Structures are given as C-alpha cells and as structure tokens.
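Trainee: what shape does this take:
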Amino acid sequence: MKGALALAAVMVAMFVALTAIDHFRPRLPQPAATPSTAATTCSAAYQPPRVLYAPTAAYPASADALHLGDRTAYVAVTIDASGRLVRSKILKTSGNAALDVSALDAARASAFAPATSSVCR
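Mentor: Below you'll find the predicted structure:
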C-alpha cells in the first residue's frame, strides 16, 4: 500500500510540475478557424454484392442420356473486394456429378460486382 501511495504522490508531483511549466510557457497566437471550403461528399449507401453475368449451365450429354430431367445444383461462390471469384463449391448436389461440374463451370464463368459501402470524404 505504501508503494502505491508513493507512486501516486510522484505522479501528482509530476503533473503539478508539468502544469507549472506549461503555465509559464509563452503562448503563440492561434490561427483563426476557417470554415472548410470542401463540401463533405458521401457515396451511395451499402450495396450487397451482385451477379453481373451468369451463363446458363450446359446440360451434359451423359446426364441427358440418363433422362434425369430437371435437376438443380446449389453453388456457393466467394468473391474478393474487387468482385473476382475466389472460390466456388457445391452446397447441394443435383444428384449427378456431371450436372454438378457443369453448374460449377457456369459459376466460374460468371461476373460479379463487389459489395460497396458508404464512404464520406
């Protein structure tokens, strides 16, 4: 406890000394505040990422020969900050490997716009 009180006393003494030094320092005139001439501009509000171009997946001949009919494969894509595709993967299979590969190929051939956020300058 004595150490903590001694440290507190030293800190108070340092504060008093610095305040005294600051009090006797000559003051320089401060420039007058001027209003900013540049207006603050903000870009549009947040926009989620979006698909710019999505080709239709080709129906493979091997799947057509099996008479599978309409099938759906769910594909997840990850894009980077510039909208470039980083990764694609099958979330839910169509039940046919050839159809899944065709869906992945279509996702990889797609074009994306990245998300945007509002920025004020």
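
Trainee: can you pull the buried residues of the strand with the most length in the chain?
Mentor: Ranked by residue count under DSSP state E, the longest strand found in the chain is strand 85-92. For strand 85-92, the neighbour count (16 or more other C-beta atoms under 10 Å) marks 88, 90 as buried. From N, CA and C alone the C-beta is placed, and that goes for glycine too.

Trainee: what of stretch 56-63?
Mentor: Buried, per 16+ other C-beta under 10 Å, within stretch 56-63: 57, 60, 63.

Trainee: now swap in stretch 104-112 and tell me
Mentor: Neighbour-count burial for stretch 104-112 [16+ other C-beta under 10 Å]: 104, 105, 106, 107, 110, 112.

Trainee: state whether the first one is indeed within a strand.
Mentor: No. Inclusion of residue 104 in a strand is not indicated when DSSP: H, G, I helix; E, B strand; the rest coil is applied; the result is helix.

Trainee: not counting sequence-adjacent ones, nearest residue to it?
Mentor: residue 88 (5.6 Å; C-beta to C-beta, 6 or more residues apart in numbering).

Trainee: now do that neighbour, the pLDDT please.
Mentor: Residue 88 carries a pLDDT value of 95.

Trainee: thank you, goodbye.
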